[in-house]
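build me a structure from this.
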Amino acid sequence: MELTDSLRQRLLAAQANEITEYNIYTRIAATLPREENRKILEQIAADELRHYNEWKSYTKQEVSPKWLLVWFYVLVARLFGFTFGVKLMEQGEESAQANYAEIAKSIPDAVRIHREEEEHEDRLLDMLDEERLRYAGSVVLGLNDALVELTGALAGLTLALQNVQLIALSGLITGIAASLSMAASEYLSTRSEATDKHPVRAAVYTGIAYIITVTLLILPYLLLHNEYVCLAISLTTAVLIIAAFNYYISVAKGENFRRRFTEMAGLSLSVAGFSFVIGYFIRLWLGVEI
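Next up is the predicted model:
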């Protein structure tokens, strides 16, 4: 068929998209140690290459990948996990979907190719098995407990003690003890459940998530001198941690970001506000002046 300039440009854009994704999947697959995951990504890459060649049969032209996008998504997959990397890439395809819809007006095969990509890729991506996502529940436990407990403790201590060094000391002692306690509890809980998670790894994920959260929340009290500014920074940090983690989970596991974020942030900030008030009344009751 004879192509108009507009249709040719759309086909070339589709070609570029397919060959770019082929290179992304191929390079990520090459880094995976587990054969099952590697084969899944290689199968998706083969589909992308087949679709590229189908578009090429119309344009009779080779197209280069968008190498900047290739290296970006490969880097994201290295840093945050291959499941997050490939699903983040799939989320950013609104323009490609609109392009397919326009192509389909002239080339009916575009509907089939688009449907193949959506159904096949979704099914294959759901088969990916990544350790960090299997232990996401343990990370959630560590993060959520640290955020709720420590934001509450810091808010109460800020008003009760009004001394950044004492607040930092109390927060560190509370946080380290609680992280060890939570890791031990997760170990015992996982060991007693019928699950494929390893108890020690689950405990390590919980403990590390807790300690990292504790460190980030207490850091302002170690660097600054105004306890109220420190509290404001800590609460802002808590919200940012909640937002970043829930965005990661929403992309990697296909869950609702807004609902998870609102629930977790609301719980942490509510506890902090309640603890701030409790700290004020306890200070009045005990008549503590530092």
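
how about the helix or strand hosting Leu79: buried residues?
Assigned by DSSP states H and E, Leu79 belongs to helix 67-80. Neighbour-count burial for helix 67-80, counted by 16 or more other CB atoms under 10 Å, picks out 69-70, 73-74, 76-77. All C-beta atoms are positioned from the backbone trio N, CA, C, and that covers glycine.

cool, stretch 87-107 as well?
Applying 16+ other CB under 10 Å to stretch 87-107 flags 87-90, 96, 99-100, 103, 107 as buried.

name the weakest-confidence residue in these, if you would.
pLDDT across the buried residues of stretch 87-107 is lowest for Ala96, at 69.

before we move on, the earlier item: just checking, next helix/strand downstream of the helix holding Leu79?
Criterion used, DSSP H and E; the element after helix 67-80 is helix 82-91.

for that following helix, enumerate the helices and strands it packs against.
For helix 82-91, the contact count by 3 or more CB pairs under 8 Å, 6 or more residues apart in numbering; DSSP states H and E identifies helix 5-30, helix 35-59, helix 67-80, helix 109-125, helix 227-253 as packing neighbours.

which residues sit against the next helix or strand after that helix?
The first helix or strand that comes after helix 82-91 along the chain, using DSSP H and E, is helix 94-104. Defining contact as CB atoms under 8 Å, 6 or more residues apart in numbering, one finds that helix 94-104 is touched by 7, 10-11, 13-14, 17, 110-111, 113-114.

and Asp196, its phi and psi?
phi -90, psi 0 (degrees, to the nearest 10).

and it, how far is that from Tyr135?
Separation of Asp196 from Tyr135 (CB to CB, to the nearest Å) stands at 11 Å.

ok, the two, which is more surrounded?
Legend: neighbour count by other CB atoms under 10 Å for Asp196 and Tyr135, higher for Tyr135 (21 against 6).

show me the contacts for the nearest residue to that one once chain neighbours are set aside.
Sequence neighbours aside, Tyr205 is the residue nearest to Tyr135 in space, at 4.5 Å (criterion: CB to CB, 6 or more residues apart in numbering). Neighbouring residues of Tyr205 by CB under 8 Å, 6+ apart: 135, 138-139, 142, 186.

hmm, 10 Å instead?
By CB atoms under 10 Å, 6 or more residues apart in numbering, Tyr205 lies in contact with 131-132, 134-142, 183, 186, 197-198.

quick one: it and Leu143, what's the gap?
Shown here: Tyr205 relative to Leu143, a distance of 10 Å by CB to CB.

now the spatially most central residue of the chain. Nearest residue, chain neighbours left out?
The centroid of the chain falls nearest to Tyr248 when counting by CA atoms, centre = their mean (1.2 Å). With CB to CB, 6+ apart as the criterion, Tyr248 has its nearest non-adjacent residue at 6.2 Å, and that residue is Phe84.

can you count the residues close to that neighbour?
Using other CB under 10 Å: Phe84 sits among 21 other residues.

before we move on, the earlier item: dump the buried residues of helix 67-80 into CSV; add pLDDT as well.
Below are these laid out as CSV (pLDDT from 0 to 100):
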residue, pLDDT
Leu69, 93
Val70, 94
Tyr73, 93
Val74, 94
Val76, 92
Ala77, 89
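
which of those residues lies closest to Asp126?
Using CB to CB, Ala77 comes nearest to Asp126 of those, at 17.1 Å.

now the stretch 51-200 of the chain, which segments are flagged as low pLDDT?
92-96, 120-125, 127-128, 132, 194 (pLDDT under 70).

quick one on the thing from earlier: pull the contacting residues for the residue nearest to the centre of the chain.
Contacts for Tyr248 (CB under 10 Å, 6+ apart) come out as 80-81, 84, 88, 132-133, 136, 139, 257.
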